[in-house]
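Visitor: attaching a predicted model along with its sequence, questions to come.
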Amino acid sequence: VGEAGQAVRVIVLGTGQMGSGIAALVLEKPGLALAGAFARRRERAGTDLGLALGRAGPLGLAIEADLARLLERVRPHVAIQATCSRLADAEPEIAACLARGVHVISIAEEMAWPAAASPERAARLDALARRHGAVAVGTGVNPGFVLDTLVVALTGVCAHVDSIRARRVNDLAPYGPTVLRSQGVGLAPEAFAAAVGAGTVVGHVGFRQSLAMVAAALGWELERVEEARRPIVSSVRRETAFACVEPGQVAGCLHTAVGFVAGRPAIKLEHPQQIRPEAEGIATGDEIEIRGRPHVRLAGSPEIPGGVATAALAVNLLPRVLAAAPGLRAMTDLPVPAAIMGGVRRA
Ligand SMILES: NC(=O)c1ccc[n+]([C@@H]2O[C@H](COP(=O)([O-])OP(=O)(O)OC[C@H]3O[C@@H](n4cnc5c(N)ncnc54)[C@H](OP(=O)(O)O)[C@@H]3O)[C@@H](O)[C@H]2O)c1
């Protein structure tokens, strides 16, 4: 990190939905300077980032398709990664940044608790980050906040916890074909089961990360995880820009995961994802219930909107990352992020 008083130079990896939202938010915040953007799509190279973001004019920042070159040219302090979900896919970009002492904030789901996907990759990233004095952390609305960080924070008022249940009901209507396919939207119920078996319907990516994060924070040893993916069969017609579901067809996936501790189900996470739940009178929302001393229940409706929340978390985490000790960190290792309303200062 450069001298105090200068703006924090930030680059964005990925110019899709989230990368664009994050870049726009970085531009809004005093003390942060958007220094560049990397795109995996080679055809985006050379395009002005402002135009790619749909702004009225150019920003004078050409999108790069060569990450190493971008890092060398721009020498950013922080890279925010929004290119992928899986750790194996995310690791090369993260490693390229860490090896140059650049901090990484990633919204890749498996980066929320990397050891859940691969202890070896997690150890490798941790060693690399420490060696180069950098920090890597995963965040996002889910995993990263609603079904893990927020749950952990709520247990802070408990003298004892017996079990935890958390549920996020969302609307898939804003999402495109890739996401809708991964939830089985539009399939016949029989085809849904086959698609789960074939791995084309995956449900939510992130339960294992959230369960591991919550268990570790509480000092619980997670013995095993049981997951189930069931079709949400619609009884009415539901339509979005990318899908039309008739009665009897699948509107989404009810994915659940149960974490077992000392032989009993201790943490249950539920994430029914479907298009237009309101068509059947179902409100979106987030709910956390902790059975313990005291019994705690927190619920809100509608859902915390995933897009805005994920971009905000990725940016709001920046001051915490700049102040953290080098290494691979989780949300629960860092002080609570807060909205940046007064500008970013570096020590
Ligand atoms: N942890 C969380 O809570 C959370 C929340 C939201 C999203 N995520 C994850 O973060 C990642 C980014 O999300 P996103 O909504 O930004 O996904 P996205 O729009 O699909 O962008 C992701 C990547 O796909 C590429 N891409 C976008 N549109 C494309 C197109 N039309 N053709 C070919 N490639 C295209 C982008 O390429 P370029 O690199 O070339 O720009 C980008 O690197 C996803 O894996 C998502 O699952 C996590």
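Guide: Perfect, thanks for sending it.

Visitor: now stretch 60-75: buried residues?
Guide: Of all the residues in stretch 60-75, those buried under the rule 16 or more other CB atoms under 10 Å are 61-65, 67, 70-71, 74. Any C-beta I mention is one placed from the backbone N, CA and C, and that applies to glycine too.

Visitor: put the alpha carbons of it into CSV.
Guide: Written as CSV, here are the backbone C-alpha positions of stretch 60-75 (Å, rounded to 0.1, in the frame of the first residue of the first chain):
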residue,chain,number,x,y,z
GLY,A,60,-10.3,6.9,-20.2
LEU,A,61,-9.7,3.4,-18.8
ALA,A,62,-9.3,0.7,-21.4
ILE,A,63,-10.4,-2.8,-20.3
GLU,A,64,-7.5,-5.3,-20.2
ALA,A,65,-7.7,-9.0,-21.0
ASP,A,66,-4.1,-9.6,-19.7
LEU,A,67,-4.2,-9.5,-15.9
ALA,A,68,-0.4,-9.6,-15.4
ARG,A,69,0.0,-6.7,-17.7
LEU,A,70,-2.8,-4.7,-16.0
LEU,A,71,-1.2,-5.4,-12.6
GLU,A,72,2.2,-4.3,-13.8
ARG,A,73,1.0,-1.2,-15.5
VAL,A,74,-1.5,0.0,-12.8
ARG,A,75,0.1,-1.3,-9.6
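
Visitor: and that stretch, how far out from the chain middle?
Guide: 24 Å (CA atoms, centre = their mean, to the nearest Å).

Visitor: what's the average pLDDT for that stretch?
Guide: The average of the pLDDT scores along stretch 60-75 is 97.

Visitor: in the chain, where is pLDDT below threshold?
Guide: Residues of the chain meeting the criterion pLDDT under 70: 1-5, 346-347.

Visitor: show me the strands in it, by range?
Guide: 8-13, 32-38, 78-81, 103-106, 135-138, 160-171, 222-233, 238-239, 244-245, 250-261, 264-274, 285-293, 296-300, 327-329 (DSSP state E).

Visitor: give the contact list for the residue of the stretch 201-347 of the chain found nearest the ligand.
Guide: Nearest residue of the stretch 201-347 of the chain to the ligand, counting by CB to the nearest ligand atom: T310, 3.9 Å away. Residues counted as contacts of T310 (CB atoms under 8 Å, 6 or more residues apart in numbering) are 18, 21, 107, 139-141, 144.

Visitor: wait, what's in contact with the residue in the stretch 101-250 of the chain that the ligand sits nearest to?
Guide: With CB to the nearest ligand atom, the shortest gap between the stretch 101-250 of the chain and the ligand falls at G140, namely 2.1 Å. G140 is in contact with 107, 109, 112, 206, 310, 313-314, counting by CB under 8 Å, 6+ apart.

Visitor: of the buried residues of stretch 60-75, closest to G46?
Guide: A62 (5.3 Å; CB to CB).

Visitor: so the closest one sits right up against G50, yeah?
Guide: No: the criterion here is CB atoms under 8 Å, and A62 misses it with G50 at 10.3 Å.

Visitor: stretch 105-124: which residues count as buried?
Guide: In terms of neighbour count (16+ other CB under 10 Å), stretch 105-124 has its buried residues at 105-118, 121-122, 124.

Visitor: pull the number of nearby residues for R9.
Guide: 20 (other CB atoms under 10 Å).

Visitor: let me redo that: A194
Guide: Neighbours around A194, by other CB under 10 Å: 12.

Visitor: what residues does it make contact with?
Guide: Contacts of A194 (CB under 8 Å, 6+ apart): none.

Visitor: R41 too?
Guide: If you count contacts by CB under 8 Å, 6+ apart, then R41 has 15, 65 around it.

Visitor: the ligand contacts on the stretch 101-250 of the chain?
Guide: Residues of the stretch 101-250 of the chain lying close to the ligand (CB under 6 Å from any ligand atom) are 107, 109, 140-144.

Visitor: circling back to that earlier point, pick out the most distant pair among the contacts of G140.
Guide: G206 and A314 (15.2 Å).

Visitor: number of residues surrounding A88?
Guide: Applying other CB under 10 Å, I find that A88 has 12 neighbouring residues.

Visitor: one more: A39?
Guide: A39 has 23 nearby residues by other CB under 10 Å.

Visitor: now do the one 3 residues further on
Guide: R42 sits with 9 neighbouring residues when counted by other CB under 10 Å.

Visitor: show me what counts as buried in stretch 181-189.
Guide: 181-187.

Visitor: looking at the residues you listed, which are in helices?
Guide: 181-182 (DSSP state H).

Visitor: and which of the buried residues of stretch 181-189 is nearest R100?
Guide: When the buried residues of stretch 181-189 are compared against R100 (criterion: CB to CB), the nearest one is S182, at 33.3 Å.

Visitor: what's the distance between the residue nearest to the spatial centre of the chain and E120?
Guide: With distances taken as CA atoms, centre = their mean, G140 lies nearest the centre of the chain, 3.0 Å away. Going from G140 to E120 by CB to CB, to the nearest Å gives 23 Å.

Visitor: closest one of the contacts of T310 to P319?
Guide: T139 (13.2 Å).

Visitor: OK, contacts around the residue lying closest to the closest one once chain neighbours are set aside?
Guide: Among residues not flanking T139 along the chain, L313 sits closest, at 4.7 Å (CB to CB, 6 or more residues apart in numbering). Remark: with contacts taken as CB under 8 Å, 6+ apart, L313 is in contact with 107, 139-141, 144-145, 337.
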